[in-house]
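Q: sequence-free structure coming up:
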């Protein structure tokens, strides 16, 4: 059986100090201090109030990836990689940090088959829809897909297309 393992990055394989900032939309980005600093887990459940907007700039900071801390799931990713199963990273981050993610994984003995960053394309469809499209593409290549993510909406979306999922 041809299997692939797909992992979300933030709060699934690694924890970082990157936060989603919440600003008021009536002030220019450089003119205001953020109202809130949300962890990725807090962001998953946060509803913007009228006049607020998200700022994901910290997730484009490569030094925060380099200083990331692997979770326990990193050991599973290493094990399946060592068993010659392809490991994919499917993250809401932007493409500009894919090299930093690759370097982080290599430090832990993993070379990802592909790092898929949907943060640049998710503005209109949403992260779950973009991840779902990527998973459908991966499904065409393998008999069985295992998907690990910390976001319930991403997991539910993957379940709908028949992927074996694990909510972290």
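A: Sure thing, it's come through. Here the structure is a predicted model, which means the values were calculated and not measured.
Q: correct me if wrong: residue 141 contacts residue 6.
A: No - in this structure, residue 141 is not within contact of residue 6 by C-beta atoms under 8 Å, at 11.3 Å. C-betas here are computed from N, CA, C, even on glycine.
Q: more neighbours, these two?
A: Taking neighbours as other C-beta atoms under 10 Å, residue 141 and residue 6 compare with residue 6 leading, 27 against 11.
Q: note down every partner strand of the helix or strand hosting the more buried one and its orientation.
A: In the assignment (DSSP states H and E), residue 6 maps to strand 3-7. Strand 3-7 has the following sheet partners, assigned by DSSP bridges: strand 87-91 (parallel), strand 144-149 (parallel).
Q: so for the helix ranked longest in the chain, mean pLDDT?
A: Secondary structure of the chain per DSSP state H: the longest helix is helix 127-139. Averaging pLDDT along helix 127-139 gives 94.
Q: need the contact partners of the strand holding residue 6.
A: Here strand 3-7 makes contact (C-beta atoms under 8 Å, 6 or more residues apart in numbering) with 13, 73, 76-77, 80, 85-90, 113, 135, 138, 141-149.
Q: after it, next one along is what?
A: strand 14-15.
Q: average pLDDT for that following strand?
A: Mean predicted lDDT for strand 14-15 stands at 96.
Q: so which helix or strand of the chain has the lowest pLDDT on average?
A: Here the helix or strand of the chain ranked lowest by mean pLDDT, DSSP states H and E is helix 40-45, holding a mean of 83.
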